[in-house]
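> Below is the sequence, then the predicted model.
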Amino acid sequence: MVKEAIFDTSAIFAAVVKNDPFHDAAYDIFQELGSVLLPVNVVTELAYLFWKRGANNASVLRKIVEHPKITIICDVKAPILAARTLERNGISLISYNDAVVIHTATNRQIPIVTFDKQMRKRARALGIKVLPENILTG
């Protein structure tokens, strides 16, 4: 069983928002893990997502980042490697946050929890374990 994984924005959002279509899967994985890692760019993106959806209340974000199971991480090389990867492969900057998460998982050799179809595909192509293993994404 996996003890630690990186949650991307789609996964941590789904884990805390009960009406998200992936809530049950995300919440179950969150509960099973001993440690959930959130790259700092995921926290920033999550704050923006809550604000955009009308949840302009910092207490929601505070409860997430202060949860005892969650560790906020900042891999200082990941942004550099992500930018190089995007440039080298002609990938749009819209994928920058995903690339940072993927490089962080690669460096730490741990799985990614995501419901983002493109990110799942890219991570698997690089040999990164993706959770949940089987899920229908849009």
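Nice, I can see it.
> which residues does the residue lying closest to Thr71 once chain neighbours are set aside bridge with?
Once flanking residues are discounted, Thr71 sits nearest to Leu37: 5.4 Å by Cβ to Cβ, 6 or more residues apart in numbering. Quick note: C-beta positions are derived from backbone N, CA and C, even for glycine. When bridges are called by DSSP bridges, Leu37 pairs up with Ile6, Thr71.
> Tell me the pLDDT of Leu37.
Note on Leu37: pLDDT of 97.
> Equivalent analysis for Arg122, please.
The model reports Arg122 with a pLDDT of 89.
> so it is in which element?
Assessed by DSSP states H and E, Arg122 sits inside helix 117-125.
> Roughly how far does Val43 sit from Ile70?
9 Å (Cβ to Cβ, to the nearest Å).
> likewise Val42?
The gap separating Val42 from Ile70 is 10 Å, by Cβ to Cβ.
> what about the two, which has more around it?
Val42 (24 against 18; other Cβ atoms under 10 Å).
> Could you identify the helix or strand that succeeds the strand or helix carrying that one?
Here Val42 is covered by helix 40-52, with elements defined by DSSP H and E. Downstream of helix 40-52, the first helix or strand assigned by DSSP H and E is helix 58-65.
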